[in-house]
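Undergrad: missing the sequence, but the structure's below:
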């Protein structure tokens, strides 16, 4: 049985390690082979980029060597897939090599697409890449007064990120002693300050307490970098001294180029995590079109389900679990407090008051992540 995993992010790595342990006997007996194809030999802890943007981490702390995170029985190659031939059970990589498979798992992730909004790439800062996070930190150190505007494109990875950003901005300027000279204005594209109703209900009084201005129903139309103004589809505008954007995201280009899903999101069965009309094709994490948050925790829980099901198919001929939509998100509420949101398809999040112990638990998880992707947590 040839298992091919495309993508070496959180979901793909947890899945590969989980499968390698569940199927160790089959691998030793040469009945199963697990291959991973990745675009990079490095693995990034993506939530750490927000810490980089506020000078709490340095970029080198975000990375580990991908090979070091994988069980030795996994055949790992830095050779990204260029062509998917799902009806023929093979893929072709950048090097021109063809890989045959019996089961494939696609976990290619997502990317920011600021180019979708005129002027955003030129006029706004962000923190979704190492380069942009470092640049944002330098801009934050320079500003002494004025308006810091936050705008949100959709869809985007980690739906809690805009709220965490606002808390972090408030505490950062407060620590510098210039909070009274900085106006923070938050813009959100729907009629409340967050997509998840319970998060919006919890965050609104917190924003009021911090003196955050907010404008809802603000869908970004364009960024006028020359005049430092951001305009909405609703014909409103906000002048700014520093603009921070959560850019819209798309799936990876290779998914669209191979016509696997509109926008790069693969149509995925919400319970089985298989691609529509392809029972031997599984999809994980950001690559799915599921109605769940595009977060590392969702990819983690999905990977555990898929690993158990693939192993069960090999051992007893049938899958044994459904994915219930489970997501667990830490929410940083400043530099020394945090809370969390846990929810699934049936149950909305019930947020608890933020606290210092939860912040330290989150900080601990930043280190535990490397244990988590090895499939040991």
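TA: It's in. Remember, predicted model here, so these are calculated numbers, not experimental data. Numbering: from 1, shown residues only.
Undergrad: okay, now residue 347: neighbour count?
TA: 11 (other Cβ atoms under 10 Å). Bear in mind the C-beta positions are built from the backbone N, C-alpha and C, glycine included.
Undergrad: ok, now how distant is it from residue 324?
TA: Using Cβ to Cβ, to the nearest Å, we find residue 347 at a distance of 9 Å from residue 324.
Undergrad: which helices and strands sit right next to the host helix or strand of residue 166?
TA: If you go by DSSP states H and E, residue 166 is part of helix 161-175. Other elements packing on helix 161-175 under the criterion 3 or more Cβ pairs under 8 Å, 6 or more residues apart in numbering; DSSP states H and E are helix 48-53, strand 146-152, strand 182-187, helix 197-210, strand 242-246, strand 327-332.
Undergrad: residues contacting the residue nearest to residue 61 when sequence neighbours are not counted?
TA: Ranked by Cβ to Cβ, 6 or more residues apart in numbering and with sequence neighbours excluded, the top spatial neighbour of residue 61 is residue 48, at 6.6 Å. Neighbouring residues of residue 48 by Cβ atoms under 8 Å, 6 or more residues apart in numbering: 57, 61-62, 366.
Undergrad: And for residue 227?
TA: By Cβ under 8 Å, 6+ apart, the neighbours of residue 227 are residue 239.
Undergrad: any idea of the mean pLDDT in the longest helix along the chain?
TA: Across the chain, the longest stretch assigned as helix under DSSP state H is helix 296-316. Averaging pLDDT along helix 296-316 gives 96.
Undergrad: tilt between it and strand 327-332?
TA: Calculated by axes from the mean of the first three to the mean of the last three Cα atoms, to 10 degrees, helix 296-316 forms an angle of 150 degrees with strand 327-332.
Undergrad: Return the distance of helix 296-316 from the chain's centre.
TA: 19 Å (Cα atoms, centre = their mean, to the nearest Å).
Undergrad: cool, stretch 272-279 as well?
TA: For stretch 272-279, the distance to the chain centre is 22 Å (Cα atoms, centre = their mean).
Undergrad: what's the answer for stretch 57-75, then?
TA: Centre-to-centre, stretch 57-75 and its host chain are 18 Å apart (Cα atoms, centre = their mean).
Undergrad: Only the buried residues of that stretch, if you could.
TA: By 16 or more other Cβ atoms under 10 Å, the buried positions in stretch 57-75 come out as 57, 62, 64, 66-67, 69-71, 73-75.
Undergrad: Could you save these as CSV and add columns showing pLDDT?
TA: Below are these laid out as CSV (pLDDT from 0 to 100):
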residue, pLDDT
57, 93
62, 95
64, 97
66, 98
67, 97
69, 97
70, 98
71, 97
73, 98
74, 98
75, 98
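Undergrad: Which ones among the residues you listed lie within strands?
TA: 64, 75 (DSSP state E).
Undergrad: So which of the buried residues of stretch 57-75 is the closest to residue 308?
TA: The closest of the buried residues of stretch 57-75 to residue 308 turns out to be residue 71 (Cβ to Cβ; 16.4 Å).
Undergrad: Secondary structure element holding the closest residue to the closest one other than its chain neighbours?
TA: Spatial nearest neighbour of residue 71, excluding adjacent residues (Cβ to Cβ, 6+ apart): residue 20 at 3.8 Å. In the assignment (DSSP H and E), residue 20 maps to helix 10-22.
Undergrad: After that helix, which helix or strand is next?
TA: helix 24-28.
Undergrad: Now find how far off-centre that next one is within its chain.
TA: 32 Å.
Undergrad: what's the answer for stretch 116-134, then?
TA: Counting by Cα atoms, centre = their mean, stretch 116-134 comes out at 16 Å from the chain centroid.
Undergrad: pLDDT of it, averaged?
TA: Stretch 116-134 comes out at a mean pLDDT of 97.
Undergrad: Count the neighbours of the residue nearest to residue 255 when sequence neighbours are not counted for me.
TA: Nearest residue to residue 255, sequence neighbours excluded (Cβ to Cβ, 6+ apart): residue 264, at 4.3 Å. Using other Cβ under 10 Å, residue 264 has 23 other residues around it.
Undergrad: State the phi and psi torsions of residue 264.
TA: Phi and psi for residue 264, reported as degrees, to the nearest 10, are phi 90, psi 10.
Undergrad: ok, it - contacts?
TA: Contacts of residue 264 by Cβ under 8 Å, 6+ apart are 110, 250-253, 255-256, 287.
Undergrad: Next one: it from residue 302, what distance?
TA: Looking at residue 264 against residue 302, where the rule is Cβ to Cβ, the gap reads 17 Å.
Undergrad: next one: residue 372
TA: From residue 372 to residue 302 the distance is 14 Å (Cβ to Cβ).
Undergrad: With neighbour numbers in mind, choose between those two.
TA: residue 302 (29 against 18).
Undergrad: And the pLDDT for the closest residue to the more buried one other than its chain neighbours?
TA: The shortest distance from residue 302 to any non-neighbouring residue, by Cβ to Cβ, 6+ apart, is to residue 284 (5.1 Å). On the pLDDT scale, residue 284 is placed at 97.
Undergrad: could the contacts of residue 264 be laid out in TSV, adding distance to residue 32 and pLDDT?
TA: Below are these laid out as TSV (distance: Cβ to Cβ, whole Å; pLDDT from 0 to 100):
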residue	distance to residue 32	pLDDT
110	29	96
250	34	96
251	29	96
252	27	97
253	31	96
255	26	98
256	31	96
287	23	97
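Undergrad: Out of those residues, grab the one that's most surrounded.
TA: That'd be residue 287 among those, by other Cβ under 10 Å, with 30 neighbours.
Undergrad: For the residue nearest to residue 71, list the residues it contacts.
TA: Residue 20 neighbours (Cβ under 8 Å, 6+ apart): 27, 34, 70-71, 73-74.
Undergrad: what comes up buried for stretch 208-217?
TA: 210, 212, 214-215.
Undergrad: Looking at those residues, spot the one nearest residue 148.
TA: residue 212 (10.2 Å).
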